[in-house]
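Engineer: need a structure here:
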Amino acid sequence: MSRNSVGIDRGLITSRDGVFKGIILVVSLVGWILILASNPTHFIITQIATYVSFSLGFTFVTMLISLFIYFLQLYSLPLCNRAPWKLLEVVYSIVLAVINFIGMCIAAAVAARLSNTGQNEKQGLNAACAVLSAFVTVMFLIYALMVFRGEEPRSVKTTHSATNVPT
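Structural biologist: Below you'll find the model as predicted:
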């Protein structure tokens, strides 16, 4: 089945897009579980840490949806065929990099606050969330840079023409 028709894409798992999305999916899920497990008892810290839970949970859910779209090649539907997928991928990556960067800063601040209260296990969980959010941020920025510099995401329609054939 070609990449220009709707159906199961068996090559997604070994492609650059599939590996990127798989890594982000796993890392954001682990970070989301860690921040939910930290459950600080201080009310103000709980309210602040809610954003970190949102950022990692939002990343996980949207990446799951993205993998579903890529796996079934739903970007080849006639309605979606004309969408500027390259631009959408760059904007999506930059927006999620910013969201996760803010989450990283908040998780690090919460970890610093918890170190003053003597809650070391919760401090460690928040510090781990900060590190995982930093990793997710860097991965999104690298992906956005790669797509911006000319590498086509899997959703970009391939063109086969006589002038595009390597000799």
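Engineer: Tell me the helices and strands packed up against the lowest-mean-pLDDT helix or strand in the chain.
Structural biologist: Sorting the helices and strands of the chain by mean pLDDT, DSSP states H and E puts helix 43-71 at the bottom, at a mean of 82. Using 3 or more Cβ pairs under 8 Å, 6 or more residues apart in numbering; DSSP states H and E as the contact test, the elements touching helix 43-71 are helix 16-38, helix 85-117, helix 120-148. C-beta here means a position set from N, CA and C on the backbone, and glycine is covered the same way.
Engineer: show me what contacts Ala49?
Structural biologist: Residues in contact with Ala49 (Cβ atoms under 8 Å, 6 or more residues apart in numbering) are 35, 38, 40, 106-107, 110, 126.
Engineer: Most neighbours among those residues, which one is it?
Structural biologist: The residue in the contacts of Ala49 with the most neighbours, by other Cβ atoms under 10 Å, is Ala107 (32 neighbours).
Engineer: That one contacts Ala127, correct?
Structural biologist: Yes - in this structure, Ala107 is within contact of Ala127 by Cβ atoms under 8 Å, at 7.5 Å.
Engineer: quick one on the thing from earlier: between the contacts of Ala49, which is nearest Met63?
Structural biologist: Distance to Met63 across the contacts of Ala49 (Cβ to Cβ) is lowest for Ile35, with 16.4 Å.
Engineer: Model confidence for Ser5, exactly?
Structural biologist: Ser5 carries a pLDDT value of 66.
Engineer: Can you pull out the low-pLDDT segments for the protein?
Structural biologist: Low-confidence segments of the chain (pLDDT under 70): 1-7, 39-46, 79, 152-167.
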